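# Could you look at this predicted model? Sequence included:
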Amino acid sequence: MSVPVSAPSWATELALAFESGAHSQFVLFGNVHDRFPVAGRLINFSAFVEDELLESFQVVFVYDLGNGLRIRRGGEQIEKWMGGEGVQKLPRDALEAVRFVSHYVRYLANLRALKRGGEVQVACVLRGADQILPADGSGHEHGSLTSLVRDWATETPFAEQPFASLLISDNLHDLEPLVSYNPRAVRVRVPMPDAQTLGEALGLLRTAHPAAFDRAAQTATIAAGLLGVTITSVESLTRRRARDQRALSAADFVAAKKQLVEREAHGLVEFIESPRTLADFQGHEPIKRWLRQDVELWKRGEGRAMPMGYLFCGPVGTGKTFLVQCLAGEAGVPVVALKNFRDRWVGSSEGNLERIFALVRALGRCMVFIDEADQALGKRDAGSGDSGLSGRLYAMIAQEMSDTRNRGRVMWLLASSRPDLIEIDLKRPGRVDVKVPLLPTVTGAESAELLAALAKRYGLDLSAEAIASLGPLLPTLLTPGAAEALIVKAYRLTVAEKAQPLDALKACLTGYQNPVPRDVLEFQIAIAVREASDLAFVPEGLRRFAVPQASSNE
């Protein structure tokens, strides 16, 4: 196989595996529709594989469902084999196309056995292999196709001939498992472009479309700002900016990256943009001190001192999602929230997760937020009701969260009011190192401070001292969600009935009942306190919910 000096590393590894004779079948998945900078030009993935990687092959077949079987190179040799019938009758059906290629390779093997022919290197590229051999096993010819394609990797004469088969799939989990996980086939992940590759591509685009770039902006800076975006999308953005004569400046990076990444992720993730910082989060000083320290360590590049993940737990309405927004603004790194990645089609949910993980790896330093983690993360064993889907998703997420190569690069943020329902393996150290309880107020003074902070956002002139004067009316075990509902109600009275702010709040507190029953609230508090990785995160007044420590004499 021919590999240009500037070829990506995955191509070099593939070529070495083939040239060594160790493998001849390759499943290429991931970023397989992008463009690549090679030898001073941008070429698409298919052209790179067929024209650059397979340049030394005398015969190259290409098959996809739309175009049928085509001969990319070596048509004259096929003409000779077909006895002058021409290549106009090449099969369009998948099974017949695979049989056609198999017959030709067997023909070459027979010639060699009879010493009537030299060595001919043959390759077959199956584009959209996940559509030809889908994971759900659909199609009446599925079994026959699976058997024949597996033979290409293991059986005589295919494994003994200079024959390479390349199966291209968007997602590994969308492809028939008997093929994708064949021990004799090599799985090759085509990654999203890193900063160096993006820089090379941007250099070529900058030369071709100078009007799209700010002269003062450094190419390396632009590349770092666009990590997680494909070169195809960057090229499209560049062409639009060049047409509009509008330079792509540093100020555009966040908006452009958010738009491009969300589009490429097919709605599976959402970027969290937040102008807030931890200063906007009321109370919880020990927790904020710890988080600020982690942010500082991250900025200094001390990845080894960073936790792999956080679990934010506590009763409903305690501000878990709001804390993540504040942390995102404080850290100044991309924060992606996972949306609903589950799908009813076989293999689709796994494929969605695979796509999300590829994006997360490409983003470099980032945070991944999973809300309602007890529902989203799946179970080790969810029974037979979902055909094992929850178990497969659980295994994929657990493996990704425990990858130590991500320490200091990817931080997992889980939020749940029922952390006891999250599998114990997913919240163990090495996946979730720090478990933070977010708890309601303990005293009337704390409730007054919380209400005052929220009143300020609504323009109500209410100090903590003034609110504290309401004395017995102030509830304890007040969550930020419940407190905001009180302030909104008070604000409504000041607007609708022209009431004074303190009088309006007093009216709202008279006869107030906590929206969450006390027994439910205390149950969720107890769970959160017992999950806490450090009792310093728990207010003194709520430490009674902690599990008593056994004495050393027991």
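Yes, it's here.

# out of everything not next to it in sequence, what's closest to Arg206?
Phe213 (5.1 Å; CB to CB, 6 or more residues apart in numbering). C-beta coordinates here come from the backbone N, C-alpha and C atoms, glycine included.

# Report how many residues lie close to that neighbour.
Phe213 has 20 neighbours, counted by other CB atoms under 10 Å.

# shouldn't it be in contact with Thr207?
No: between Phe213 and Thr207 there is no contact under CB atoms under 8 Å: 9.8 Å.

# which parts of the helix or strand where Arg492 lies are buried?
For Arg492, the host element (DSSP states H and E) is helix 480-496. Across helix 480-496, burial judged by 16 or more other CB atoms under 10 Å covers 480-484, 486-487, 490-491, 493-494.

# And it, what does it pack against?
helix 444-457, helix 501-509 (3 or more CB pairs under 8 Å, 6 or more residues apart in numbering; DSSP states H and E).

# Find residues that contact each of Phe213 and Thr207.
Counting by CB atoms under 8 Å, 6 or more residues apart in numbering, Phe213 and Thr207 have no contacts in common.

# Looking at this protein, which helix is longest?
helix 94-113 (DSSP state H).

# Now it - C-alpha only, PDB.
C-alpha atoms of helix 94-113 as PDB (Å, rounded to 0.1, in the frame of the first residue of the first chain):
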ATOM      1  CA  ALA A  94     -24.800  -6.700  -3.300                       C
ATOM      2  CA  LEU A  95     -24.600 -10.500  -3.100                       C
ATOM      3  CA  GLU A  96     -23.800 -10.800  -6.800                       C
ATOM      4  CA  ALA A  97     -21.200  -8.100  -6.600                       C
ATOM      5  CA  VAL A  98     -19.400  -9.800  -3.700                       C
ATOM      6  CA  ARG A  99     -19.600 -13.100  -5.600                       C
ATOM      7  CA  PHE A 100     -18.200 -11.400  -8.700                       C
ATOM      8  CA  VAL A 101     -15.100 -10.200  -6.800                       C
ATOM      9  CA  SER A 102     -14.700 -13.600  -5.100                       C
ATOM     10  CA  HIS A 103     -14.700 -15.400  -8.500                       C
ATOM     11  CA  TYR A 104     -12.100 -13.000  -9.900                       C
ATOM     12  CA  VAL A 105      -9.800 -13.500  -6.900                       C
ATOM     13  CA  ARG A 106     -10.200 -17.300  -7.200                       C
ATOM     14  CA  TYR A 107      -9.400 -17.000 -10.900                       C
ATOM     15  CA  LEU A 108      -6.200 -15.300 -10.200                       C
ATOM     16  CA  ALA A 109      -5.300 -17.900  -7.500                       C
ATOM     17  CA  ASN A 110      -5.900 -20.700 -10.100                       C
ATOM     18  CA  LEU A 111      -3.600 -18.900 -12.600                       C
ATOM     19  CA  ARG A 112      -0.900 -18.700 -10.000                       C
ATOM     20  CA  ALA A 113      -1.300 -22.300  -9.100                       C
END
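
# Skip ahead from that helix and say which helix or strand is next.
By DSSP H and E, the next helix or strand past helix 94-113 is strand 122-126.

# Report the angle between that following strand and helix 94-113.
With axes from the mean of the first three to the mean of the last three CA atoms, to 10 degrees as the basis, strand 122-126 and helix 94-113 are set at 170 degrees to each other.

# What average pLDDT does strand 122-126 get?
Averaged over strand 122-126, pLDDT sits at 96.

# just checking, what packs against it?
Under the contact criterion of 3+ CB pairs under 8 Å, 6+ apart, strand 122-126 touches strand 59-64, helix 94-113, strand 163-169.

# Which residue ranges of the stretch 301-450 of the chain form helices?
320-331, 348-362, 373-376, 389-401, 444-457 (DSSP state H, counting those that start in this stretch).
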